[in-house]
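Trainee: Coordinates only, no sequence provided:
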């Protein structure tokens, strides 16, 4: 892509081969150096890197010590891979590395600085460099241009949160964008993407910065690590941290009510008319689900029958949510295509029509 222009009807994209394409919307999923974000004029504020790491898969001539090592520079480690021949290597560089592609010589130098030998590293399968640069797009939407994944946020890869964060962006945006393109929902519906995902991204960045800082182990930092480690051994803090890192504690602000509201629906073992059914299989076609756990046929949502599936089921187990623990069993739940609960019924359909309209457009009257 060399550029694009948007108007109130769509986006025209100029490709590097001179061709152009026209679309209603353009989604930038093109990484931390996103050309789409830059071309859209979206600011990318944050923090410059304070350190860089090399990660590689290589062969060695000397048997290295395996496991993780921390020091005042950062974190380092070697691990033998399943083939028994190659090693996965992660090492923090003494100086922030250049933006150019790292070389075997760079890896050798970094290893020698930490271990006083490079273990005879050779024949790399691949070598990569990453930093603790942390930035987030000021907005995730500029007109008909939207951002997701690393184009919207970059951070230190502590806890492997980047992949789940980006995938969750895509899942949150995908069904909303589809409804707007199909005319089911108004264009303003896309604003819920920014409202829901931007705070989640900001929180992830805060936690990855904290995790990166804790990997340095000078005397003063060691004291902080000891305090945090002591807290993490307690049930409540450990559950909270696990919920944040996994993203399973996310709650979108969908109003007050049952603890399930705005949270990820648990994957229950249901029983339906034709036998057992795992709940998440109902979401495979990216359609919303009204799960009725009360009297079969209790809900009439005929105006939304073309887009919302109604499932009568029973479930006899406990309702348990990450971090929160066990919650009261609902009589019915309306589940969005991304797996989050949009409405919880407590024996009546109060508020159901409003929720259906808000999330899945106006119902169609019977002919």
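Mentor: It's in. Computed from a predicted structure; not experimentally measured.
Trainee: Cross-check the contact I'm expecting between residue 78 and residue 63.
Mentor: No - between residue 78 and residue 63 there is no contact under CB atoms under 8 Å: 10.0 Å. Bear in mind the C-beta positions are built from the backbone N, C-alpha and C, glycine included.
Trainee: Overlap of the contact sets of these two?
Mentor: Residues touching both residue 78 and residue 63 (CB atoms under 8 Å, 6 or more residues apart in numbering): residue 119.
Trainee: Look at these two and report which has more neighbours.
Mentor: Comparing residue 78 with residue 63 by neighbour count (other CB atoms under 10 Å), the higher total belongs to residue 78, at 22 against 11.
Trainee: Quick check: chain neighbours aside, which residue is closest to that one?
Mentor: residue 64 (4.7 Å; CB to CB, 6 or more residues apart in numbering).
Trainee: contacting residues around that neighbour?
Mentor: Contacts for residue 64 (CB under 8 Å, 6+ apart) come out as 78, 87, 115, 119.
Trainee: Would you map out the domains in the chain?
Mentor: Using automatic domain parsing, the domains assigned to the chain come out as 3-45+135-215, 52-131, 269-360.
Trainee: Just put these in TSV and tack on mean pLDDT and distance to residue 230.
Mentor: Shown next, in TSV, are the domains of the chain (pLDDT from 0 to 100; distance: least, CB to CB, whole Å):
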stretch	mean pLDDT	distance to residue 230
domain 3-45+135-215	95	13
domain 52-131	96	17
domain 269-360	95	20
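Trainee: between those, which gets nearest to residue 263?
Mentor: domain 269-360 (6.0 Å; CB to CB).
Trainee: Show me which residues of the strand or helix carrying residue 276 are buried.
Mentor: Using DSSP states H and E, residue 276 falls within strand 275-278. Residues of strand 275-278 classed as buried by neighbour count (16 or more other CB atoms under 10 Å): residue 277.
Trainee: Would you list the strands that that strand pairs with, along with their directions?
Mentor: strand 269-272 (antiparallel) (DSSP bridges).
Trainee: Does anything pack onto the top helix by length along the chain? Which helices or strands?
Mentor: Scanning the chain for the longest helix, with DSSP state H as the assignment, gives helix 191-214. Secondary-structure packing of helix 191-214 (3 or more CB pairs under 8 Å, 6 or more residues apart in numbering; DSSP states H and E): strand 134-136, strand 141-142, strand 153-154, helix 161-181, helix 219-232, helix 235-246.
Trainee: The strand ranked longest in the chain pairs with which strands, and in what direction?
Mentor: Ranked by residue count under DSSP state E, the longest strand found in the chain is strand 122-131. According to DSSP bridges, strand 122-131 forms sheet pairs with strand 52-59 (antiparallel).
Trainee: how far out from the middle of the chain is the partner strand?
Mentor: Taking CA atoms, centre = their mean, to the nearest Å, the mean C-alpha location of strand 52-59 is offset from the chain mean by 25 Å.
Trainee: Contacts for that strand, please.
Mentor: 74-75, 81, 85-93, 96-97, 102, 104, 106-107, 110, 121-132.
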